[in-house]
Structure formats: structure tokens, C-alpha cells
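Enquirer: got a structure for you, letters missing:
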Ligand code: ME8
């Protein structure tokens, strides 16, 4: 099928603030979004996967000043670090957008103009409590006065300062009913449901107009006709999702094909921006709304919060060096219920590597392929008639695609992987019960034929599983499919069973056990 015939699927991550190095929370978001993008590609979609960096705003300017570098330089340097990390993590993005890109500036000005033309932008005096770290305003009631006389946001514990300026405002208050109608008519717009409920209550409580320009610093997209104002960083940041597919050229092929986005993947701290402000901006600008915003949880290091601003950051690439890329990807996708908070620790990662990858999967691959190499002429064995047990297992493997698809469609990758591993568990039990090594020892013609059938069935399940684990573990899955000499790796290829007689390369271990490095005593 050519790209023209394939259905479109547009998926995005949040764009990160490049005011520091990426942490494991960022890596988690990219890996999970990547798994979703890869799944759709393998399932026949023409996927556009957008990620990148959010480079404007006061936070960036302040960090640059503190580090004594030009803000452009800080942004470029750190944006490169993010892009390099994406590549090291096998993130299959189609574009890495930077909000300092020229086309993004055009898109931001265009959306502003559309909101202005719709009568939703006006100039007014503003005073309020601003948190630079959150790049957000708080009302007095949303802040707490500390003993030392300073004030913080009650929700996020970040310092706030009293800010007074003449700002442009967006008439957010006018969108309360429209937003509530959206959540009502499209309950799938915000997931998981707990996030949706929070947002519905928040909007029901009433919306104030939103300050959307700044005059106290200049690192941002200038407001059209008012060069003394820069756009509030979130106006420009959210617009990246439109820039990525060609806005403001709404007649362009890319925009026609990919907008509205199928799903924005974000973390829980930016839900309000994506499910209240963003749809309101788009309604005002007369642009279709994204179909869904999926909110993932936060990752905690053994239960402890880490963030760039706090400084207890774990370098994702160090984890990859220690455990291997696919082990880290698998761990994050399998261990954490997508949409909920999760924790990682050395012991938890090692346990997934040794139990799920080495024992359940790697061992099965190694044992079956070694037997085939030694006893079946190093080629896909020729099965004889299938027994009821063989058929049950093959049917189960063939049904996996549908189950995985149902889970991936609602971003529940951990449940898809659980299904796959239940099937691997079943296959291990089958392999032990059928004991092909005993059949080989017996050596009768009948038993050898049965051994070939058992090995064929086992390899066939491994083939289907390896095709389906590609979104989670692209490298290792490809290696297994190489060991099975299988060029057909799309989901449509699942329906074509292994062809007997195809020569196989020498087996190699794919998922080694994690062994603690020896320490000097
Ligand atoms: O919020 N665990 O950028 P950012 C999981 N520029 N996810 C985490 C996390 C953690 N510990 N910490 C952060 C921004 N994240 C804005 C986004 S989008 C138009 C603009 C997630 O670098 C966070 O929730 O602070 C967000 O989805 C992403 O990492 C980037 O965070």
C-alpha cells in the first residue's frame, strides 16, 4: 500500500524545556510514544510522529543568564542533547521540532491572528502571582505565604513573584460551556478517566481570562503589531503541534492528511494546558481539535520525585549503558501501568530482565533454535499433523494481534505486553510438557516427526511474538526475526506461517541474564 492509501495517524510528545539535560521522565515519554507510533506503522498506518524542544520563555532566559550564555546558544546546545538522546533510545520521530524554527514562528503568529480576528484577544492591565518554574500564573488563593515572607504555589511548591504589566488576554472565560460540551460529547478526549474528571471539575468551577503576552523579557515570538510583547510561552509551545504538519498552510497535503492529531501524549503536570487552554485556542482559531490527550504518570526514583529544577536527575543513557536499551524500554513499558505513576529501581529492572526477558523469552528462543540447528538440518522444521494442543497454542498466538491492537488503541501498552507474556508462559509450559528432547532421544520415526512439529509450533509462536514486540523492543525483536530468517515483519505478515525448509542462521542468545558486576572487597 502506498502512503496515499494508508490511513493517517498523528502522534506527538510534549516538547521539552531544554534548560537542562533530559531525565528519565523525558525518556519515558519518548519511549512510550515511540512504542505507540511503531505499533501503528506496523499495523499499516501512515504515521507522523512529532517531538522536539520548547525553547522560549522566561525560564529559558533566566537559566541562560545564570549560566552566562546567550539564550540561543543554551537552547541550541540542549536541544541537540535531547535529539541525540532520542536517537540513542531508538525513537522513530518523523520531525524534531524546535520552537525557534522559522516555520514555527509563522504558525504562532497565524494562530494569534486567528484568535484576534475572532475577538478573543484584548489588551488589559494584569497583576498576579507568577511562577517562572511553572511558566504559569496563580491566584492569591492558589499560593501559600511562607514564614520568611516569600510565597509559593500551593500545588507545585515553586516560588511565585508579584507581576504587574499590561498584557494581552485570551477570553478563556467565554469557552467554559464549549469545553464542558466537548468533554461531555467526547469522553475519550481526555484519558485516563481520573484526569478527565479532574479537568471537568476544574472547568466547572469557572474559568478566568488568560494572560497571553509578556513585556518583561523578550525571549519569545513577538506579538504581531506589538513588538514590545512576546507571546506567553504556552501559546507558542502548544502551537508546535500545528506547525509540525504544515499550519498555517491548511490546504497543504500534510495538514489535510494529519490534522487533527490522533493523540497528544503528555505528563500529568501539563494536563490543564493541553485539555483546557489548547482546545479553547483551537476553537477560537477555527481549527479542528485533537482527538485525544493521553496523560501519563510521573516516574519516581525508588518513589522519590526527581526533576531538572530540583537537581536529582538520572541520566537515561546511563541506564541504557547498564542494562541495555531494549531492557530499559521493556521495563518502562511493562512495569508501569500507562497513565499511572511508576517507580523504577535497580532491583525492579533486574527482575524484569531476568524473569521476563531472559527466562520466559530468551531461553525459549535459545532452546528451540538450538534443537532445530542440531536436529532439523538448521532449517525451519516440517510439521506433521497438528494436535489439539498445537492448535490451541497457534490459535492463541494468532489472536494476540487483535488483543494487542485493542490495548494499544487505548494506550495500554503494559496490558498488551502482559497478554504477550501470558502466551509466552503458555508456550514454555507446552515446550516442557511436549519435551522435544525426549522425542529426539527415543529416535523413532514417529517421535522425530512429532519433535519437528513441536519445534515448528514453538518457532511459530516465537515469530508472532517477535513481530508484536517490535514496538517495545525494536532491536531485539529484529534479531529474533533474523534468527528465524523472516523478512516479513509487518502485522499483516502474522497471517503467513513459517515456511518449512527455510535455512536458519546459527542461533545466538538474544536476552542475556543480568549478572551483578563483581565488586572489589
Ligand atoms: O512541560 N516522569 O516541558 P518539560 C514522567 N515544555 N514524565 C515527566 C516527569 C517525570 N518525573 N517530569 C516531566 C514542559 N515529565 C513543556 C511542555 S508541550 C506543548 C510543552 C514530562 O521539559 C512532562 O509531564 O518540563 C512533560 O510531558 C514532558 O516530560 C516535558 O516536560
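Expert: Everything's here; your move. What you are looking at is a predicted structure, and each value in this text was computed from that prediction instead of being measured. Numbers count the residues shown, from 1 in each chain.

Enquirer: For residue 349, which three-state class applies?
Expert: Following DSSP: H, G, I helix; E, B strand; the rest coil, the label given to residue 349 is helix.

Enquirer: can you tell me which residues contact it?
Expert: 319, 323, 327-328, 331, 514 (C-beta atoms under 8 Å, 6 or more residues apart in numbering). (C-beta placed from N, C-alpha, C; glycine too.)

Enquirer: Equivalent analysis for residue 403, please.
Expert: 416, 419.

Enquirer: any chance you could read off phi and psi for it?
Expert: When read as degrees, to the nearest 10, the backbone of residue 403 gives phi -70, psi -40.

Enquirer: Would you map out the domains in this structure?
Expert: According to the TED database, the chain comprises the domains 8-119+173-296, 121-170, 304-354, 358-503.

Enquirer: highest average neighbour count across those?
Expert: domain 8-119+173-296 (a mean of 20; mean count of other C-beta atoms under 10 Å).

Enquirer: any idea of the mean pLDDT in that domain?
Expert: What domain 8-119+173-296 shows for mean pLDDT is 97.

Enquirer: Not counting its neighbours along the chain, what's nearest residue 168?
Expert: Excluding its sequence neighbours, the residue lying closest to residue 168 (C-beta to C-beta, 6 or more residues apart in numbering) is residue 213, at 4.0 Å.

Enquirer: Tell me who's in contact with the residue in the chain that the ligand sits nearest to.
Expert: Closest approach between the chain and the ligand, counting by C-beta to the nearest ligand atom: residue 267, at 1.9 Å. Residue 267 is in contact with 14, 25, 29, 295-298, counting by C-beta under 8 Å, 6+ apart.

Enquirer: For the closest residue to residue 144 other than its chain neighbours, give me its contacts.
Expert: Nearest non-adjacent residue to residue 144, counting by C-beta to C-beta, 6+ apart: residue 154, 4.7 Å away. Residue 154 makes contact with 138, 142-144, according to C-beta under 8 Å, 6+ apart.

Enquirer: Show me the two of those that sit farthest apart.
Expert: Using C-beta to C-beta, the two most remote members of the contacts of residue 154 are 138 and 144, lying 10.0 Å apart.

Enquirer: which neighbours do those two share?
Expert: Contacts common to residue 138 and residue 144, judged by C-beta under 8 Å, 6+ apart, are 153-154.

Enquirer: Need the residues that contact stretch 405-415.
Expert: For stretch 405-415, with C-beta under 8 Å, 6+ apart as the criterion, the contacting residues are 32, 35-36, 39-40, 43, 191, 263, 265, 294, 333-339, 416, 419, 471-472.

Enquirer: Out of those residues, list just those in helices.
Expert: 32, 35-36, 39-40, 333-335, 416, 419 (DSSP state H).

Enquirer: Okay, the residue located most distally from the centre of the chain and residue 343: tell me how far apart.
Expert: Most distant residue from the mean C-alpha position of the chain: residue 444, 52.4 Å away (C-alpha atoms, centre = their mean). Distance of residue 444 to residue 343, given as C-beta to C-beta, to the nearest Å: 54 Å.

Enquirer: can you check residue 417 too?
Expert: Distance of residue 417 to residue 343, computed by C-beta to C-beta: 18 Å.

Enquirer: residues contacting the closest residue to residue 8 other than its chain neighbours?
Expert: Of all residues not flanking residue 8 in the chain, residue 257 sits nearest, at 4.8 Å (C-beta to C-beta, 6+ apart). Taking C-beta under 8 Å, 6+ apart, we find residue 257 in contact with 8, 46, 245.

Enquirer: same check, this time on residue 294
Expert: Here residue 294 is in contact with 191-192, 263-266, 338-339, 411 (criterion: C-beta under 8 Å, 6+ apart).

Enquirer: Right, I'll leave it there.
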